[in-house]
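> sequence and predicted structure are below.
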Amino acid sequence: MKINLVYIGVLWATILLWIPEVHAQNKGSQDTTARKLTLEPTLGKKDYDYRGEEITYPRVFGGLTFTRIDWGFSRLVDNGSFKMGEENQFLEIKKASNFGFDIAQIGIRFNDAFKVYASAGFEWNYLRLKSDVILDAESTPLSYRLSDITYKKNILTSTYLRIPLSFEWRGRKNQRGHRPKIAFGAMTGILLKGTQRLKSDDQGKQKFKDNYNLARFQYGAFARVGYRSMGVFAKYYLNDMFEKSPAQKNLNNFTFGLTLGF
């Protein structure tokens, strides 16, 4: 499936899921009706009052969700530089992107401003390679061969199960009831699959599946800053992107972009 089709599909799913909910809330002895937009679709116990209930802390929350949708760019970092070293020239990219979201969460809100939670979801990283190279499947260390075919697309995709641990602070509500938010934490991930997709006039579309020595377990740090339900994110993966491949030692992944449902 094309990358843009994946994005469009998730965007439409988000629009359909994030339908504003209108509910009544009792306050004191007067009956008032408050309109609130629920931009974090969750099946389970929420970390905020949404039925006019009195809030008590600490408050445990969790369940299924569809939120923290990250959509941004990726940059490879080779020994601290965005420029690839001589041995990694075949991994030079035209452009790269990162996409992911959470589908489950559990945590504790300690007070109105601070909460800690663990979540789980999926993450994809797309590297559009400049060179007409074909990565060797089932080869350790990572190796490749140059093709005599000119490819219109040459994309290396990695798919991970992501499991971040987040520490989130939110400020006071403004006159409209909106808040600024800051979150940071550690993230881990388990490799689900690797794929190389090729497209050319000579051979059409081709797809090859292999782990391509991609790290089976990834880990790093992240940060998010936002307002209402939107924000920006940055993630840096501390592990080598490829394992058991000495030429790619200290080759890391750095991603940044927009977050929806934060």
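Looks like it arrived, so ask away. Residues are numbered from 1 along each chain as shown.
> can you list the low-confidence ranges for the chain?
1-41, 48-54 (pLDDT under 70).
> how about 50 then?
Low-confidence segments of the chain, defined by pLDDT under 50: 1-3, 5-6, 8-10, 12-38.
> what sits against the residue positioned nearest the centre of it?
Nearest to the mean C-alpha position of the chain, by Cα atoms, centre = their mean, lies Gly100 at 3.1 Å. Contact analysis of Gly100 by Cβ atoms under 8 Å, 6 or more residues apart in numbering lists 69-70, 121-124, 162. Bear in mind the C-beta positions are built from the backbone N, C-alpha and C, glycine included.
> drop anything exposed from the residues you listed.
Neighbour counting by 16 or more other Cβ atoms under 10 Å classes 69-70, 121, 123-124, 162 among the contacts of Gly100 as buried.
> wait, which of those is closest to Asn88?
Distance to Asn88 across these (Cβ to Cβ) is lowest for Trp124, with 21.5 Å.
> surely that closest one meets Ser74?
No. The pair Trp124 / Ser74 is not scored as a contact, 10.1 Å apart, by Cβ atoms under 8 Å.
> hey, C-alpha coordinates of stretch 249-262 in PDB?
Output of stretch 249-262 as PDB, limited to C-alpha atoms (Å, rounded to 0.1, in the frame of the first residue of the first chain):
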ATOM      1  CA  LYS A 249      27.500   1.100  14.200                       C
ATOM      2  CA  ASN A 250      26.400   4.400  15.600                       C
ATOM      3  CA  LEU A 251      23.800   4.900  12.800                       C
ATOM      4  CA  ASN A 252      20.700   6.300  14.700                       C
ATOM      5  CA  ASN A 253      17.300   7.600  13.800                       C
ATOM      6  CA  PHE A 254      15.900  11.000  14.700                       C
ATOM      7  CA  THR A 255      12.300  11.900  14.000                       C
ATOM      8  CA  PHE A 256      10.200  15.100  14.500                       C
ATOM      9  CA  GLY A 257       6.800  16.300  13.400                       C
ATOM     10  CA  LEU A 258       3.200  16.900  14.400                       C
ATOM     11  CA  THR A 259       1.100  15.100  17.000                       C
ATOM     12  CA  LEU A 260      -2.700  14.900  16.900                       C
ATOM     13  CA  GLY A 261      -4.700  13.800  19.900                       C
ATOM     14  CA  PHE A 262      -2.200  14.800  22.500                       C
END
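> in that stretch, what counts as buried?
251-257, 259-262.
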